[in-house]
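**Q** What would the 3D arrangement of this be:
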Amino acid sequence: MVRLFLLDGFRLTVDGVPAELPHGLQRVVALAALRPGATRSHLAGLLWPETPDERALSCLRTALWRLRRQAPGTIVAAGDAVRLAAAVDVDVDELVRSAARVRDGDDPRTTDGILAAGRHDLLPGWYDDWVTLERERLRQLRLHALEEIARAQLRLGRHGEALQAALEAARAEPLRETPHRLIVEVHLAEGNAYEALHAFYTYRDLILRDLQLEPSAAMSALLSHILKPIGRPAASSAAWRPGPREPADHADRHPPAGPCPRDRVR
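**A** Residues are numbered from 1 along each chain as shown. This next block holds a predicted model:
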């Protein structure tokens, strides 16, 4: 069993045993996994972008030859196409399949794995352009899937599960408004006005500090029915002024001029 892990760093295992590959060969395997069925010219151009085409193709042929020796059965080069062998299990593929199930409306209870999948970035520390693009694509894919899970769970009345998915999305992208809006919606659905206000103002403070922005009108509207009643007493109290206090009885009108004498003990 061959497994390829690209989230949180490159790892290739064969029957659970790590296969050690130099970084140059890791790049070939990772790109073949992320661009299935790509042509040799396309792969060579991405892997060696500043190298003349013929030289880049020669480098790719050498890398494929080395892979057949050091990690046999990992890469299949058929004609002009280069791809991973069908037996290789890739963690990125599982994330993509889970997101597709969410998009197609599957029961959110069958997609719990997406909460954990993708918590780590794709190939951290790799700065190739093709890695950066794929990293952002997968990040957005997971964020949208988490938000859709939260909405589906909220519609089903599973508030705990909805909150978990929304919080996971907020953890992945703290400045993104959508998951914070879902957190507020979950608290309101449970009748927890305090928690909803706390979540709103926590997010508001965050984007005011980091982006000098206010939450959107759509997010503020979620709490309008709570904030308006809170505002009315404050406005009325500002217009009201207390009058002179009336004494309770005649004795209060004439208080003693000095301190009261001590009672004598007889």
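
**Q** so residue 169 sits right up against residue 143, yeah?
**A** Yes: between residue 169 and residue 143 a contact is recorded at 5.5 Å, counting by C-beta atoms under 8 Å. C-beta: built from backbone N, CA, C; applies to glycine.

**Q** Now residue 69: which helix or strand?
**A** Assigned by DSSP states H and E, residue 69 falls within helix 53-70.

**Q** Show the subsequent helix or strand relative to that helix.
**A** Counting by DSSP H and E, what follows helix 53-70 is strand 75-78.

**Q** what lines up beside that next one in the sheet?
**A** strand 81-84 (antiparallel) (DSSP bridges).

**Q** Could you tell me the average pLDDT over the strand it pairs with, please?
**A** In this model, strand 81-84 has a mean pLDDT of 92.

**Q** Distance from that strand to the middle of the chain?
**A** Averaging C-alpha positions (C-alpha atoms, centre = their mean, to the nearest Å) puts strand 81-84 31 Å from its chain's average.

**Q** Whichever helix in the chain runs longest - what's its average pLDDT?
**A** Ranked by residue count, the top helix of the chain under DSSP state H comes out as helix 129-155. Averaging pLDDT along helix 129-155 gives 94.

**Q** How about residues contacting the next helix-or-strand element following that helix?
**A** As assigned by DSSP H and E, the chain's next helix or strand after helix 129-155 is helix 159-172. Residues outside helix 159-172 that contact it (C-beta atoms under 8 Å, 6 or more residues apart in numbering) are 108-109, 115, 119, 139, 142-143, 146-147, 149-154, 176, 178-180, 182-183, 186-187, 189-190.

**Q** The longest helix of the chain - contacts with which helices or strands?
**A** helix 23-34, helix 91-103, helix 113-116, helix 159-172, helix 177-189 (3 or more C-beta pairs under 8 Å, 6 or more residues apart in numbering; DSSP states H and E).

**Q** Tabulate those helices (TSV), appending distance to residue 215 and mean neighbour count.
**A** TSV is the format used below for those (distance: least, C-beta to C-beta, whole Å; neighbours: other C-beta atoms under 10 Å):
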stretch	distance to residue 215	mean neighbour count
helix 23-34	36	20
helix 91-103	26	18
helix 113-116	25	16
helix 159-172	13	20
helix 177-189	6	22
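
**Q** Would you tell me which of those helices gets closest to residue 44?
**A** Closest of the helices and strands packed on helix 129-155 to residue 44 is helix 23-34, at 9.8 Å (criterion: C-beta to C-beta).

**Q** And residue 66, how far from residue 3?
**A** To residue 3, residue 66 is 20 Å away according to C-beta to C-beta, to the nearest Å.

**Q** Revised request: answer the last question for residue 147.
**A** Using C-beta to C-beta, one gets 29 Å for the distance from residue 147 to residue 3.

**Q** More neighbours: the two, which one.
**A** Taking other C-beta atoms under 10 Å, residue 147 and residue 3 do not tie; residue 147 has more neighbours (21 against 16).

**Q** Return the residues in contact with residue 90.
**A** Each residue near residue 90 by C-beta under 8 Å, 6+ apart is listed here: 3-6, 33, 84.
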